[in-house]
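K.L.:
sequence and predicted structure are below.
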Amino acid sequence: MKRRWKVLGGLGALALAGVGVLAGVLSHRAACPAPPPPAEGTTMQAWMARCYGAPDVLTFETLPVPVLADDRVLVRVRASAGNPLDWHGMRGEPRIMRLSSGIGAPEDPRFGTDFAGVVEAVGPKVSGFAPGDRVFGVAPGAFAQYVVVNPARMAKIPDGIDFAQAAAVPVAAVTALQALRDHGGLRAGQRVLVNGASGGVGTYAVQIAKAMGAEVSAVCSTRNVDLVRSLGADRVFDYTKEDFTASGERWDLIVDTVSNHGVFDLARVIADDGALVVVGSKDDEAFLGPARRFLVALLADPFVAPRLEGMLAEVRDGDLAYLSGLMAEGRLRSAIDRTFPLSAVDEAIGYLETGRARGKVVIEVP
Ligand SMILES: NC(=O)c1ccc[n+]([C@@H]2O[C@H](COP(=O)([O-])OP(=O)(O)OC[C@H]3O[C@@H](n4cnc5c(N)ncnc54)[C@H](OP(=O)(O)O)[C@@H]3O)[C@@H](O)[C@H]2O)c1
């Protein structure tokens, strides 16, 4: 055998062995540690995810109120909301995410992301917020009575909007906004289709697209048709009766939170200068999960006219203020499916994991 082939064969075997080792390392699941004894002094109730697994690994603990840093804000949480990212983080799945969340067990056990509440204290380097302000945003550990927040990741709640409405917004609505505006480049007058329109992201995507002046088609099941129409969709496809890829219609943008159609089937119904933005997928493959769909979009993109891309949302300066403005104008509301007390976050996450929530699942914090 030529030396070149031997070297290539050796490199291939090494790469395969590397993938095998990585898969083994990422599959490792550390045993759940016993939660610490209840803290004393100024305490709060908070949920923690100290190991990976089903909702029963979550622990409801009595912990010290978090310490405020100079450039942070301490918020008394009044409501939180669940997102698929919470149960992905709880399970450490897809396992590829453990490269950043922690091998074997979560590096940061604080649980929850979306919150709304009242500013309790403000670090000396923070401007623009004061104790008593009603705010909403994202912070690690939002399934708790107090949370320490980076002020760039929060905004004020408009008058007349309650904590539950505001808490539901951050992750899901920022994702919808970035999918439509930043990745989709949506302009007024264009036609957009939202697949998965009755979910957390979809219910906001329909409303934000309408607020941007688009003509909106929405895809959901029979029981959610009225909800999605009430959010402003111009055309609703009930996917149990009608396949939008076979309707003969075309769109400038498809925002896909479900990924239950082939990317080439989707590309066929998108204008040549349009785009498919992949937000999520129901793919529960253990290692890559929804990321497989991002890869498929990336690989298929050179072969079709429309742009195909996956996206990962990140709350950025200005996004929450923009959404707050839409709420104030009455153009964005949260479709809240169920509300759970803080003590039942494990139950709420189990419900979210069914993939059947209509809009948002909210946690009321005492
Ligand atoms: N890329 C990012 O940065 C990012 C950010 C946030 C979320 N995500 C991902 O986006 C996806 C959606 O998130 P979400 O918060 O909207 O989830 P969700 O609220 O759990 O979505 C539930 C909704 O999905 C709908 N659904 C299920 N199968 C469907 C189908 N075949 N066709 C149309 N709709 C269907 C359900 O409606 P029916 O019961 O009527 O079928 C339900 O209303 C998840 O995969 C999530 O991980 C990604």
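P.N.:
Alright, I've got the coordinates. Numbers count the residues shown, from 1 in each chain.

K.L.:
contacting residues for the spatially closest residue to residue 178 that is not a sequence neighbour?
P.N.:
Using CB to CB, 6 or more residues apart in numbering and skipping residues adjacent in sequence, the residue nearest residue 178 is residue 313, 5.0 Å away. In this view, the C-beta of every residue, glycine as well, is placed from N, C-alpha and C. Residues in contact with residue 313 (CB atoms under 8 Å, 6 or more residues apart in numbering) are 171, 174, 175, 178, 179, 279.

K.L.:
is it true that the fourth one touches residue 320?
P.N.:
So the one you mean is residue 178. No - the pair residue 178 / residue 320 is not scored as a contact, 12.0 Å apart, by CB atoms under 8 Å.

K.L.:
neighbour count winner among the two?
P.N.:
residue 320 (25 against 21; other CB atoms under 10 Å).

K.L.:
so which strand or helix has the more buried one?
P.N.:
helix 319-328 (DSSP states H and E).

K.L.:
list the buried residues of that helix.
P.N.:
319, 320, 322, 323, 324, 326, 327 (16 or more other CB atoms under 10 Å).

K.L.:
what does stretch 257-275 give?
P.N.:
257, 258, 259, 261, 263, 266, 267, 269, 270, 274, 275.

K.L.:
now the end-to-end length of that stretch.
P.N.:
14 Å (CA to CA, to the nearest Å).

K.L.:
distance from the chain centre to it, please.
P.N.:
Distance of stretch 257-275 from the chain centroid (CA atoms, centre = their mean, to the nearest Å) equals 21 Å.

K.L.:
same check on stretch 338-358?
P.N.:
15 Å.

K.L.:
so where is the stretch 151-300 of the chain shaky, pLDDT-wise?
P.N.:
In the predicted model of the stretch 151-300 of the chain, no residue satisfies pLDDT under 70.

K.L.:
how about the helices of it, start to end?
P.N.:
163-167, 170-177, 200-211, 225-230, 263-268, 291-300 (DSSP state H, counting those that start in this stretch).

K.L.:
so what does the longest one touch, helix or strand wise?
P.N.:
If I follow you right, that is helix 200-211. helix 170-177, strand 191-195, strand 215-220, helix 225-230, helix 319-328, strand 360-364 (3 or more CB pairs under 8 Å, 6 or more residues apart in numbering; DSSP states H and E).

K.L.:
if we use 6 Å, what do you get?
P.N.:
helix 170-177, strand 191-195, strand 215-220 (3 or more CB pairs under 6 Å, 6 or more residues apart in numbering; DSSP states H and E).

K.L.:
what angle do that helix and helix 319-328 make?
P.N.:
70 degrees (axes from the mean of the first three to the mean of the last three CA atoms, to 10 degrees).

K.L.:
now do the second one
P.N.:
Calculated by the same axes, to 10 degrees, helix 170-177 forms an angle of 90 degrees with helix 319-328.

K.L.:
CA-only coordinates of helix 170-177 in PDB, if you can.
P.N.:
Extracted C-alpha coordinates of helix 170-177, given in PDB (Å, rounded to 0.1, in the frame of the first residue of the first chain):
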ATOM      1  CA  PRO A 170     -37.600  36.900  26.800                       C
ATOM      2  CA  VAL A 171     -36.200  33.800  25.200                       C
ATOM      3  CA  ALA A 172     -39.100  32.800  23.000                       C
ATOM      4  CA  ALA A 173     -39.900  36.300  21.700                       C
ATOM      5  CA  VAL A 174     -36.200  37.300  21.200                       C
ATOM      6  CA  THR A 175     -35.700  34.100  19.200                       C
ATOM      7  CA  ALA A 176     -38.800  35.000  17.100                       C
ATOM      8  CA  LEU A 177     -37.500  38.500  16.600                       C
END
